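# here is a sequence together with a model predicted from it:
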Amino acid sequence: MFGPLFGQDRALDLSAQARVAWAKQIELNASRSSGEEAATLRTTAEEQWHKAGDDFRQLAALRFETRSYPDDVWNGAESYIRGKHHAGTIELLQEYLRFETRRRRPRALTELGDALLSLNRSEQALVVLRECIQDFPQDAASYRARLLAAKAYAKENRFEEAKTTLLANLEGTQLTPDSVEWRDSLFALGILLHDEALSTATRARKAVSDGDAKSAEQLSKLSRDLYEETTVRLEEAVARYPDAVQLVVSRYLIGESYRELARFPREQLVQAKIETARIEHAKELQRLLLAALTEYEQVQDLLTRRREEVRLSPAENSILRNSYFARGAAFFELGRYDESIVAYSAATNRYQNEPEVLDAFLQIAACYRRLGKPDEARGVLEQAKVILSRIREDVSFSATTVHSRQEWNRVLDWMAAL
């Protein structure tokens, strides 16, 4: 009813400002809440930011021929950013950059790159992020642009370019370890190194299957170097920033890196003929696996405490689940079969309705066989059959296991008959 009296542009302006204030108040309430309530409030705030963006976009259309147009477009883009409406963000920032040549341009390019990345348009993101880095090298936005560009390069498996981009933040003279961008670059570099190590190890295994022994050896050595550098970078990061949001994933990747590194002394232990060499390889194997166990336990503790306050994200739930299984595997590799049974049993209790729990039952059975308890092993496999029969028919097995439901039936029957 306000529009006919005072003009539709004034009505939209006030509506947008009211929604912005509303969203900020909801965000404030969310910061004072926890658990499901906080998550619901954050979702409601995003809805108001989205509606504010809609109002600003309509306002901009009405005031296209006025000096207010660029600011209206910018305000709409900012609201969409806060509301995580990536398509709307891209549309308005591209429009804003048509008219704005200097003011806010570095930040607009960075936010546009971020939105494009969120929609997996990494090549387009790199174009605008490189423009920000090259044209505004001293602007604060350029440091975040490098972080985002490294992420885009990583999505394209362009690891060297990603590392060079992050090192520009870490080794340049403009940033210090006190800055957010320096901290985030250090964590990002460690995570990137792990991704590259994983990719290289996969290529090494393929070279083995292809019969290319020379390439396999070179790639295996490179993956080991990358895993070692991963632990160095991420351990520095978690020591410097113990309260960072990247703490959980970093500790988990440190654990994974140590467990991957344990493959090398294990292989050398098998090949060694001299007793002193065997002892050294065994010590190194134990050191690496114990280090991995420490990290997995830290991750479980962090996420268990966090779950009491807020709902875990899907990624956090996956990390927690993987940590349960990884602890069992590490104990098994150490030959500590009783502890492996305890660790795997914790996983079977927590994830008893999920297909991946069947792998845990197989490992528990293997532990009992190593302990010379075949009857207990068969009992565990019979229990696994019961669990398999209770898993819902619509659950996908291929996402988390290497067998289909029918194949699991055959595997468990065969194992139980041994």
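Looks like it came in fine. Small disclaimer: the values here were computed from a predicted structure and weren't measured.
# assign a three-state SS to residue 273, would you?
coil (DSSP: H, G, I helix; E, B strand; the rest coil).
# I misspoke; the intended subject was residue 309.
Three-state call for residue 309 (three-state DSSP): coil.
# ok, and for stretch 241-252, which residues are buried?
241, 244, 246-252 (16 or more other C-beta atoms under 10 Å). (C-beta placed from N, C-alpha, C; glycine too.)
# cool, and stretch 410-418?
For stretch 410-418, the neighbour count (16+ other C-beta under 10 Å) marks 411-412, 415-416 as buried.
# could I get the average pLDDT for it?
Confidence for stretch 410-418, expressed as mean pLDDT, is 85.
# give the burial count for the nearest residue to residue 396 once chain neighbours are set aside, as a bare number.
Using C-beta to C-beta, 6 or more residues apart in numbering and skipping the chain neighbours, the partner closest in space to residue 396 is residue 355 (7.7 Å). Using other C-beta atoms under 10 Å, residue 355 has 21 other residues around it.
# picking up where we left off before, so which of the buried residues of stretch 241-252 is the closest to residue 287?
residue 251 (17.6 Å; C-beta to C-beta).
# that closest one against residue 299, yeah?
Yes. Proximity of residue 251 to residue 299 meets the contact threshold set by C-beta atoms under 8 Å, at 5.1 Å.
# which helix or which strand is home to residue 214?
helix 213-240 (DSSP states H and E).
# ok so, going back, just the pLDDT for the residue nearest to residue 396.
At residue 355, pLDDT is 90.
# do you know how far it is from residue 391?
Distance of residue 355 to residue 391, computed by C-beta to C-beta, to the nearest Å: 6 Å.
# contacting residues around residue 326?
Counting by C-beta atoms under 8 Å, 6 or more residues apart in numbering, residue 326 touches 255-256, 259, 292, 296.
# distance of it from residue 258?
10 Å.
# any common contacting residues for those two?
Applying C-beta under 8 Å, 6+ apart, one finds that residue 326 and residue 258 are jointly contacted by residue 292.
# about what we covered before: overlap in contacts, residue 355 and residue 391.
residue 405.
# which residues of the stretch 201-350 of the chain fall in helices?
Under the criterion DSSP state H, counting those that start in this stretch, helices of the stretch 201-350 of the chain are mapped to 213-240, 247-261, 263-271, 275-307, 314-333, 337-350.
# rank the ones you listed by pLDDT, which is bottom?
helix 263-271 (a mean of 90).
# the closest residue to residue 222 other than its chain neighbours: what secondary structure?
Counting by C-beta to C-beta, 6+ apart, residue 222 lies nearest to residue 200, which is 5.2 Å off, once chain neighbours are set aside. In three-state terms, and counting by three-state DSSP, residue 200 is helix.
# which residues does residue 200 contact?
Residue 200 neighbours (C-beta under 8 Å, 6+ apart): 219, 222-223, 226.
# same thing but 10 Å
159, 218-227 (C-beta atoms under 10 Å, 6 or more residues apart in numbering).
# swap in residue 236?
Here residue 236 is in contact with 177, 186-187, 189-190 (C-beta under 10 Å, 6+ apart).
# widest-spaced pair of the residues you listed?
177 and 190, at 14.5 Å, using C-beta to C-beta across the contacts of residue 236.
# neighbour-wise, which of those two wins?
residue 190 (27 against 11).
# please report the distance of the more buried one from residue 326.
18 Å.
# likewise for residue 17?
50 Å.
# now swap in residue 310 and tell me
24 Å.
# how deep is the nearest residue to residue 63 once chain neighbours are set aside tucked in, by neighbour count?
Excluding the flanking residues, the one nearest residue 63 by C-beta to C-beta, 6+ apart is residue 69, at 5.4 Å. Using other C-beta under 10 Å, residue 69 is surrounded by 18 other residues.
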